[in-house]
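Novice: Structure for the following, please:
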Amino acid sequence: MKNYILLCLTVIIVSSFDSYSQQSEVNSGDKKYDHYAYDAIKTHERVAKKGYKSEDMFKKLGNSYYFNSEFEGAAKWYGELFAMNTNVESEYYYRYAQSLKSTGQLDKANRILDEFDTKFKNDSRGKLYLENLNYLDRIKENSGRYTIENAGINSKYSDYGTFVHNNKVYFASARDTGSFSQRKHKWTNDYFTNIYMADVDSVKVSKIKNTLNTKFHESSPVFTKDGKTIYFTRNSYLTGKKGRDANKTTLIKIYKATLENGKWDHVTPLSFDSDNYSTAHPALSPDEKTLYFASDMPGTLGQSDIFKVAINSNGDFGTPENLGNSINTEGKETFPYVTAENEIYFASDGHPGLGGLDVFVGEITKDGTVRNIQNLGNDINSPKDDFAYIIDPVSRKGYFSSNKDGGQGSDDIYKFLETKRLKCIQELSGLITDAETGAILSGAKVTLFNNQMEIKATTIADATGSYSFPVECGITYNVRVQKTDYTTREVSITIEKITGKSTGRTALSIALEKSMRNVTVGDDLGKCFGIKMIYFDLDKYNIRPEAALDLEKILATLNDYPTMKIDIRSHTDSRANFKYNEVLSDNRAKSTLQWLVKNGINPDRLTSKGYGETQLVNKCADGVACTEEEHQQNRRSEFIITAL
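Specialist: Sure, this is the predicted structure:
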């Protein structure tokens, strides 16, 4: 993966050397290194082969390979660095671990990450590693979901960063077009990239011949839906002039152009661009009101972060906002892509992955933060750099770029079909019934809310009383049921997480109480409210707070019907002796009566009696083995209507 793409070239201060001859050769290499010269690697390696050792030189060698995604060489020279000294900056621990992972040395990589977290407690990458010690298992679980093939538009040079518009795929390529003016970048030894295009499912590629392409880098095009505006990445170069930072380095910016009379015109950098930091890889939100991008601007948490900025109705831009530390790390986050399903795909070397850049996906919440970040699995990701992932959320087709083994060039474009969604999706379903009779209730309105009480879906129970919703694993939902003549009921449920790629079913049947009921003498008023028993502390008969809640329902009904009289009956199970149960239940019945009197009910309307274990509703008499649930059936309170 090219350093230009990653926004992360680090220029390291040169240290002094002992030998003048070696000093001269190393200085030559340093000069080329600082000016992004590709053969700086060779210069430093010649010195290293002579047996000369320097932490600074090993850092430079490691970085030279690392920033060109040649992780085997990076692991070799970072290894030499750590053999000399392990008291180095945090970045070298992380780069060394990433390089080791990319070359298959996972155990050693994890040991380095353990040391990394121990020494640099405030670095979020170490915390992410510790929180995801089984990250390889999770990556495996997320794998096996794609069919992937070469996109057919690759060359022996670098090809990457696709966008599909109007049935054409646009991308960046460093291919040699045969032009005598085609220039090479000293750091990568590749040609500068320009924007190319091809028809979808075609292998015929053509270069965009207009003002979008220059003699420097262009990449990452993204079009508005009407095709009249394009955002893209370019070196800071406009009307023949290069922008440079304080180190006289030309960085990269996001540019905008508009289509007029069939030609791209008014190529301008965005208002928040600067010569002092880079902005790159634009991505539009589905409503085209927000632009996402990667940058190392002030406020960046790591080497490059993902930001967003509002696009105002007049075409101006708001103030860029960092997406925060739930997505951004001290490493590199880049190449965002946002879908209509509030998902953001991005590449990162800071979240636990297979080495190099991996592609991840997160959920954009209502407040704009990103949560539930997951690695896409080893179909897409490899030990090398994998990035620039885009997907059509309807067809589940898309493209990504990678320098994984087996490609045609340094970076290649692959197309894919996602055959199984990453999200763990279940079916939440059940029956709506009458609480008293158990009868099926068709036509009930069932509404699904998330845990922020936002409506996710609404349905009507069918003729069999059934309803169903697709739901995500691990999420808490509220299900509200409404039906005429019934009291609205709402139930909370957390969907169980299912490992792997399985889908399942969560059952939730809901019984509704009638809001208006015809009652007669002899009916149990408690059953009207689903009151099975009035709860008391063990061996006591004082009213507990949760019991008072149920008694309030009885109290309200007695106040609504002033001629109603009830007999309060308390029952126990068969455990403990007969006399004890009789006394305890009688005291509890009297305590219930006294609570109602205390709250305003005339005692003439109330009677009470404790029946102990004399009226068991099942087999659970003395000496009979029963379950706790069976004993519970006998411990009950009744409020029998004796007059209306």
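Novice: looking at this protein, which helix or strand does the model trust least?
Specialist: Ranked by mean pLDDT, DSSP states H and E, the helix or strand of the chain with the weakest confidence is helix 20-34, at a mean of 37.
Novice: Could you grab the helix/strand/coil label for Tyr477?
Specialist: strand (DSSP: H, G, I helix; E, B strand; the rest coil).
Novice: wait, isn't it in contact with Leu448?
Specialist: Yes - counting by CB atoms under 8 Å, Leu448 is a contact partner of Tyr477 at 5.8 Å. C-beta coordinates here come from the backbone N, C-alpha and C atoms, glycine included.
Novice: which residues are common contacts for those two?
Specialist: Leu428, Lys456, Val471 (CB atoms under 8 Å, 6 or more residues apart in numbering).
Novice: Helix or strand: which one has Asp567?
Specialist: Element membership for Asp567 (DSSP states H and E) is strand 565-571.
Novice: now for that strand, which elements pack on it?
Specialist: With contacts taken as 3 or more CB pairs under 8 Å, 6 or more residues apart in numbering; DSSP states H and E, strand 565-571 sits against helix 578-598, strand 606-612, strand 637-643.
Novice: Make a markdown table from these and add mean pLDDT and mean neighbour count to it.
Specialist: Output for the helices and strands packed on strand 565-571, formatted as a markdown table (pLDDT from 0 to 100; neighbours: other CB atoms under 10 Å):
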| stretch | mean pLDDT | mean neighbour count |
| --- | --- | --- |
| helix 578-598 | 90 | 18 |
| strand 606-612 | 93 | 18 |
| strand 637-643 | 90 | 18 |
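Novice: Relative to Leu525, which of those is closest?
Specialist: With CB to CB, the closest approach to Leu525 among those belongs to strand 637-643: 4.1 Å.
Novice: now what about that closest one, what contacts it?
Specialist: So strand 637-643 is contacted by 519-526, 531-534, 554, 563-571, 588, 592, 607 (CB under 8 Å, 6+ apart).
Novice: What subset of those is buried?
Specialist: Listed as buried from the contacts of strand 637-643 are 523-526, 531, 533-534, 554, 564-571, 588, 592; burial here means 16 or more other CB atoms under 10 Å.
Novice: where exactly do the helices run in the stretch 1-150 of the chain?
Specialist: Per DSSP state H, counting those that start in this stretch, the stretch 1-150 of the chain carries helices over the ranges 3-6, 20-34, 40-49, 55-66, 71-84, 90-102, 106-119, 124-131, 135-141.
Novice: residues near Asp349, how many?
Specialist: 28 (other CB atoms under 10 Å).
Novice: Repeat that for Ala347.
Specialist: Ala347 has 31 nearby residues by other CB under 10 Å.
Novice: got a list of what it touches?
Specialist: So Ala347 contacts 332-335, 357-360, 385-389 (CB under 8 Å, 6+ apart).
Novice: can you redo those as JSON lines with secondary structure and pLDDT?
Specialist: Putting the contacts of Ala347 into JSON lines (DSSP: H, G, I helix; E, B strand; the rest coil; pLDDT from 0 to 100) gives the following:
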{"residue": "Lys332", "secondary structure": "strand", "pLDDT": "92"}
{"residue": "Glu333", "secondary structure": "strand", "pLDDT": "95"}
{"residue": "Thr334", "secondary structure": "strand", "pLDDT": "95"}
{"residue": "Phe335", "secondary structure": "strand", "pLDDT": "97"}
{"residue": "Leu357", "secondary structure": "coil", "pLDDT": "93"}
{"residue": "Asp358", "secondary structure": "strand", "pLDDT": "94"}
{"residue": "Val359", "secondary structure": "strand", "pLDDT": "97"}
{"residue": "Phe360", "secondary structure": "strand", "pLDDT": "96"}
{"residue": "Asp385", "secondary structure": "coil", "pLDDT": "92"}
{"residue": "Asp386", "secondary structure": "strand", "pLDDT": "95"}
{"residue": "Phe387", "secondary structure": "strand", "pLDDT": "96"}
{"residue": "Ala388", "secondary structure": "strand", "pLDDT": "96"}
{"residue": "Tyr389", "secondary structure": "strand", "pLDDT": "97"}
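Novice: Out of those, which two are the most distant from each other?
Specialist: Lys332 and Tyr389 (15.0 Å).
Novice: Now for the residue lying closest to Gly79 once chain neighbours are set aside: which residues touch it?
Specialist: Nearest residue to Gly79, sequence neighbours excluded (CB to CB, 6 or more residues apart in numbering): Tyr96, at 7.3 Å. Going by CB under 8 Å, 6+ apart, Tyr96 touches Gly62, Ala74, Ala75, Tyr78, Gly79, Leu81, Phe82, Ile112.
Novice: Between helix 578-598 and the strand holding Asp567, find me the angle.
Specialist: Strand 565-571 runs at 150 degrees relative to helix 578-598, counting by axes from the mean of the first three to the mean of the last three CA atoms, to 10 degrees.
Novice: Taking strand 606-612 as reference, get the angle to strand 565-571.
Specialist: 20 degrees.
Novice: Going forward, count from 47.
Specialist: That works, and once the first residue is 47, the last one we named lands at strand 611-617.
Novice: average model confidence for strand 611-617?
Specialist: Strand 611-617 shows a mean pLDDT of 93.
Novice: strand partners of that strand, parallel vs antiparallel please.
Specialist: Strand 611-617 pairs in its sheet with strand 652-658 (parallel), strand 683-689 (antiparallel), by DSSP bridges.
Novice: quick revisit: most tightly packed of the helices of the stretch 47-196 of the chain?
Specialist: helix 49-52 (a mean of 26; mean count of other CB atoms under 10 Å).
Novice: How much space separates the residue nearest to Cys666 when sequence neighbours are not counted from Asp619?
Specialist: Leaving out its chain neighbours, the residue that sits closest to Cys666 by CB to CB, 6+ apart is Cys672, at 3.9 Å. Note on Cys672: its distance to Asp619, by CB to CB, to the nearest Å, is 8 Å.
Novice: Check Tyr513 too.
Specialist: 37 Å.
Novice: With Asp413 instead?
Specialist: Going from Asp413 to Asp619 by CB to CB gives 51 Å.
Novice: So for the two, which sits in the more crowded spot?
Specialist: Asp619 (21 against 6).
Novice: Contact partners for the more buried one?
Specialist: With CB under 8 Å, 6+ apart, Asp619 has these contacts: Asn627, Glu659, Leu662, Cys666, His677, Gln678, Asn680, Arg681.
Novice: of those residues, closest to Leu182?
Specialist: The closest of the contacts of Asp619, once distances to Leu182 are taken by CB to CB, is Gln678, at 46.9 Å.
Novice: gap between the host helix or strand of that closest one and the chain center?
Specialist: For Gln678, the element it lies in under DSSP H and E is helix 674-680. With CA atoms, centre = their mean, to the nearest Å as the basis, helix 674-680 stands 45 Å off its chain's centre.
Novice: And for stretch 146-162?
Specialist: Taking the mean of its C-alpha atoms, stretch 146-162 sits 25 Å from the chain's own mean (CA atoms, centre = their mean).
Novice: ok, and what's touching that stretch?
Specialist: Contacts of stretch 146-162 (CB under 8 Å, 6+ apart): 117-118, 121, 128, 132, 136, 139-140, 142-144, 169, 171-172, 175, 182, 399-402, 429-430.
Novice: Tyr338 against Thr325, yeah?
Specialist: No - shown here, Tyr338 and Thr325 do not form a contact pair, counting by CB under 8 Å, at 11.1 Å.
Novice: Comparing these two, which shows the higher neighbour count?
Specialist: Using other CB under 10 Å, the more surrounded residue of Tyr338 and Thr325 is Thr325, with 28 against 22.
Novice: okay, the more buried one: pLDDT?
Specialist: 95.
Novice: and it, backbone torsions?
Specialist: Thr325 adopts backbone torsions of phi -130, psi 140, taken as degrees, to the nearest 10.
Novice: doesn't Leu337 make contact with it?
Specialist: No - the pair Thr325 / Leu337 is not scored as a contact, 9.9 Å apart, by CB under 8 Å.
Novice: Determine the residues that are contacts of both of the two.
Specialist: Residues touching both Thr325 and Leu337 (CB under 8 Å, 6+ apart) are Ile300.
Novice: Report the contact partners of Gly453.
Specialist: Asn196, Asn200.
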